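Asks: got a structure for you, letters missing:
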């Protein structure tokens with residue numbers, strides 16, 4: 001397939017815009033800048049909504065504490081949960097696709113760049129609306145990230161904060177849909193010569209599966225939010241239970257696929273890291289591609305397992321479909337383990353995060369099968385067991401994939417390396433904090449502690465485990481502090497000219513983005529750094545195996 005014509009330079013349609021100016025960023029059509037804006041915004045929001053979680057853990061460290069009131073606590077867990085899903089993990093995953101997919105397929109830019117930029121600004125506006133609820137008289141939205149009616153109608157949850165939350169989630173989700181559509185269209189239509197579908201890097205395949213789920217399931221959330229908004233205008237709508245149950249079906253038709261939207265790109269980033277630092281190709285590439293597509297299809301058919309306790313779901317069907325997810329998940333795990341077995345392993349920070357991802361996400365996946373089994377779900381439904389499961393999926397799993405990706409592609413994006421000492425400090429603090437924080441929650445949930453409670457009595461026996469969990473949260477705060485300091489240190493050192501350039505491919509990586517400069521130029525590839533021949537899903541590894549000198553020599557010397 002031939003490469004589409006290059007996108008116009010920023011400002012070309014309406015006069016020149018200096019690329020280094022602030023307008024060159026906010027009005028950019030460069031996919032790399034839009035991707036960095038999306039990733040940077042989500043990381044800032046990661047810190048903000050993470051602070052809300054720390055406040056909750058301090059509140060729950062001891063029985064019967066009154067650091068914050070019940071209503072304030074409800075606002076904290078709602079904005080923390082919805083912020084992490086709608087504003088952090090999902091947009092970061094799409095932002096990685098915006099930045100990396102055109103580079104990995106040898107394209108000069110992203111399809112529909114202005115639509116992509118519009119999607120980013122809708123996401124930003126949505127985030128502002130959601131967080132601005134704290135400034136209203138009644139405070140932010142207090143009814144959880146799923147906000148079931150009639151609890152979330154204007155009678156039971158009055159105030160502008162809830163209306164702002166609905167509008168904000170609607171806008172942020174709409175922006176994500178637009179960005180996802182652009183990424184999907186790019187990978188389908190803008191591949192370079194020789195880049196067939198089965199020569200796409202595994203990260204590109206993960207983005208195909210991710211964007212298909214975004215386009216297929218996210219509109220259901222928009223419909224659910226529209227129903228909720230109508231119910232806040234006329235609460236009598238929810239006097240009829242059919243609308244309450246209908247809302248739940250609409251919401252969870254979005255709510256289950258979004259888990260894999262927040263998983264597939266990070267899984268693929270981990271797979272690429274494992275392959276590079278094992279010095280070999282991804283094991284079982286075709287099987288992994290098929291498993292991603294099957295996984296995406298099954299994710300659209302299991303939403304009802306979140307509704308076992310309502311009595312409004314066909315338990316046998318949804319339980320069977322949930323257990324069936326083990327098959328594609330097993331293929332993906334087999335591919336990761338098969339890649340590292342027998343490889344020549346190296347252990348820089350990205351590899352450490354990738355290796356930790358494997359067992360930690362496995363805990364989240366296996367406990368997901370448990371709560372997908374009705375007899376177990378009846379016991380642990382709405383307990384801290386579910387909180388632990390969700391955090392082992394999205395934090396112990398996806399967030400570790402996120403940091404593996406950040407440390408892996410940071411030298412490509414910036415041209416410099418972060419401090420390896422600070423990077424490893426971040427890793428070990430995060431491993432300790434993650435498991436000390438969330439493992440005790442499984443026991444808390446099994447023993448009967450409900451989630452979404454601001455306090456608990458001392459006689460219930462939850463104090464020691466909650467104290468342990470809150471101590472783990474302190475390690476998480478220290479880990480994130482080390483990460484922030486590391487990134488700022490590296491960028492400041494680069495700005496002052498004291499950072500040593502990393503070169504184009506410091507990791508000896510396998511995919512096309514590593515064939516161009518670090519950071520990449522405006523249109524990604526240049527005559528001095530053209531797109532190499534694409535002969536498989538690991539073209540730079542092919543080049544190295546044919547002639548090691550060509551893989552490291554400048555383009556003009558290698559005859560490319």
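Replies: Sure, I can see it. Quick caveat, the model's predicted, so the values are computed rather than measured. Residues are numbered from 1 along each chain as shown.
Asks: what comes into contact with stretch 141-152?
Replies: With contacts defined as CB atoms under 8 Å, 6 or more residues apart in numbering, stretch 141-152 is touched by 71, 74-75, 77-79, 81-82, 85-86, 130, 133, 156-157, 161-162, 164-166, 227-228, 231-232, 235, 238-239, 243-244, 247-248, 251-252, 255, 452. Quick note: C-beta positions are derived from backbone N, CA and C, even for glycine.
Asks: Could you list the buried residues of that stretch?
Replies: Under the neighbour-count criterion of 16 or more other CB atoms under 10 Å, stretch 141-152 has 141, 142, 143, 144, 145, 146, 147, 148, 149, 150, 152 buried.
Asks: Pipe these into JSON lines and attach pLDDT and distance to residue 367 per row.
Replies: Converted to JSON lines, the buried residues of stretch 141-152 look like this (pLDDT from 0 to 100; distance: CB to CB, whole Å):
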{"residue": "141", "pLDDT": "95", "distance to residue 367": "28"}
{"residue": "142", "pLDDT": "95", "distance to residue 367": "27"}
{"residue": "143", "pLDDT": "93", "distance to residue 367": "25"}
{"residue": "144", "pLDDT": "91", "distance to residue 367": "20"}
{"residue": "145", "pLDDT": "92", "distance to residue 367": "19"}
{"residue": "146", "pLDDT": "91", "distance to residue 367": "19"}
{"residue": "147", "pLDDT": "93", "distance to residue 367": "24"}
{"residue": "148", "pLDDT": "92", "distance to residue 367": "23"}
{"residue": "149", "pLDDT": "92", "distance to residue 367": "29"}
{"residue": "150", "pLDDT": "89", "distance to residue 367": "31"}
{"residue": "152", "pLDDT": "89", "distance to residue 367": "27"}
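Asks: quick one: which of these is nearest residue 399?
Replies: Checking these against residue 399 with CB to CB, the nearest one is residue 145 at 16.9 Å.
Asks: can you tell me how far that closest one sits from residue 118?
Replies: Relative to residue 118, residue 145 is positioned 25 Å away (CB to CB, to the nearest Å).
Asks: One more: residue 143?
Replies: Counting by CB to CB, the gap between residue 143 and residue 118 amounts to 29 Å.
Asks: can you check residue 491 too?
Replies: The gap separating residue 491 from residue 118 is 28 Å, by CB to CB.
Asks: go on, residue 541?
Replies: In this structure, residue 541 and residue 118 are 37 Å apart, going by CB to CB.
Asks: Looking at those two, which one has more neighbours?
Replies: Between residue 541 and residue 118, residue 541 has the larger neighbour count (other CB atoms under 10 Å), namely 21 against 16.
Asks: Just say helix, strand or coil for that one.
Replies: Reducing the assignment to helix, strand or coil with DSSP: H, G, I helix; E, B strand; the rest coil, the entry for residue 541 is helix.
Asks: show me what contacts residue 471?
Replies: The neighbours of residue 471, taking CB under 8 Å, 6+ apart as the test, are 61, 436.
Asks: next one: the helix or strand harbouring it to chain centre, how far?
Replies: For residue 471, the enclosing helix or strand under DSSP states H and E is helix 463-495. Going by CA atoms, centre = their mean, to the nearest Å, the spacing between the C-alpha centre of helix 463-495 and its chain's C-alpha centre is 19 Å.
Asks: Name the helix or strand for the closest residue to residue 232 other than its chain neighbours, please.
Replies: Computed as CB to CB, 6 or more residues apart in numbering, the closest residue to residue 232 that is not its neighbour in sequence is residue 154, at 4.3 Å. Following DSSP H and E, there is no helix or strand that holds residue 154.
Asks: Please point out which parts of stretch 290-299 sit buried.
Replies: Buried residues in stretch 290-299 (16+ other CB under 10 Å): 291, 292, 294, 295, 296, 298, 299.
Asks: Then stretch 41-57?
Replies: Counting neighbours by 16+ other CB under 10 Å, stretch 41-57 gives 41-43, 45-46, 48-50, 52-57 as buried.
Asks: and which of those residues is nearest to residue 518?
Replies: The closest of those to residue 518 turns out to be residue 43 (CB to CB; 20.2 Å).
Asks: quick one: the closest one and residue 52, what's the gap?
Replies: Residue 43 sits at a distance of 16 Å from residue 52 (criterion: CB to CB).
Asks: nearest residue to residue 307 other than its sequence neighbours?
Replies: The shortest distance from residue 307 to any residue that is not its chain neighbour, by CB to CB, 6+ apart, is 4.2 Å, and that residue is residue 313.
Asks: which residues sit in contact with the one you found?
Replies: Under the criterion of CB under 8 Å, 6+ apart, the contact partners of residue 313 comprise 304, 305, 307.
Asks: and residue 517, how many residues sit next to it?
Replies: A total of 16 residues lie near residue 517 under the criterion other CB under 10 Å.
Asks: Looks like it contacts residue 504 (just checking).
Replies: Yes - the pair residue 517 and residue 504 qualifies as a contact (CB atoms under 8 Å) at a distance of 5.9 Å.
Asks: overlap in contacts of the two?
Replies: Taking CB under 8 Å, 6+ apart as the contact rule, residue 517 and residue 504 both touch residue 529.
Asks: picking that back up, and the residue nearest to residue 232, its phi and psi?
Replies: Summarising the backbone geometry of residue 154 under the convention degrees, to the nearest 10, its torsions are phi -70, psi -20.
Asks: quick one: it and residue 161, what's the gap?
Replies: 12 Å.
Asks: Please identify which of the two sits among more neighbours.
Replies: Neighbours per residue (other CB under 10 Å) separate residue 154 from residue 161, with residue 161 holding more: 24 against 16.
Asks: The buried residues of stretch 41-57 in strands, which ones?
Replies: Using DSSP state E to define strands, no part of the buried residues of stretch 41-57 is located there.
Asks: Can I get those residues in a markdown table including pLDDT and distance to residue 376?
Replies: A markdown table is the format used below for the buried residues of stretch 41-57 (pLDDT from 0 to 100; distance: CB to CB, whole Å):
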| residue | pLDDT | distance to residue 376 |
| --- | --- | --- |
| 41 | 98 | 38 |
| 42 | 98 | 33 |
| 43 | 97 | 36 |
| 45 | 98 | 33 |
| 46 | 97 | 31 |
| 48 | 97 | 35 |
| 49 | 97 | 30 |
| 50 | 97 | 30 |
| 52 | 97 | 30 |
| 53 | 97 | 26 |
| 54 | 97 | 30 |
| 55 | 97 | 31 |
| 56 | 97 | 26 |
| 57 | 97 | 26 |
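Asks: quick one: which of those residues is nearest residue 93?
Replies: Using CB to CB, residue 42 is the member of those that sits closest to residue 93, with 8.9 Å.
Asks: So the closest one is in contact with residue 87, correct?
Replies: Yes - Residue 42 sits in contact with residue 87 when judged by CB under 8 Å, with a separation of 6.7 Å.
Asks: For residue 376, which non-adjacent residue is closest in space?
Replies: Taking CB to CB, 6+ apart, and ignoring the residues beside it in sequence, residue 376 has residue 370 as its nearest neighbour in space, at 5.0 Å.
Asks: Just name the shakiest helix or strand of this structure by mean pLDDT.
Replies: helix 555-558 (a mean of 32; mean pLDDT, DSSP states H and E).
Asks: sorry, back to before: any chance of CSV for the buried residues of stretch 41-57, columns distance to residue 337?
Replies: Shown next, in CSV, are those (distance: CB to CB, whole Å):
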residue, distance to residue 337
41, 35
42, 30
43, 30
45, 34
46, 29
48, 36
49, 33
50, 31
52, 36
53, 32
54, 35
55, 39
56, 36
57, 34
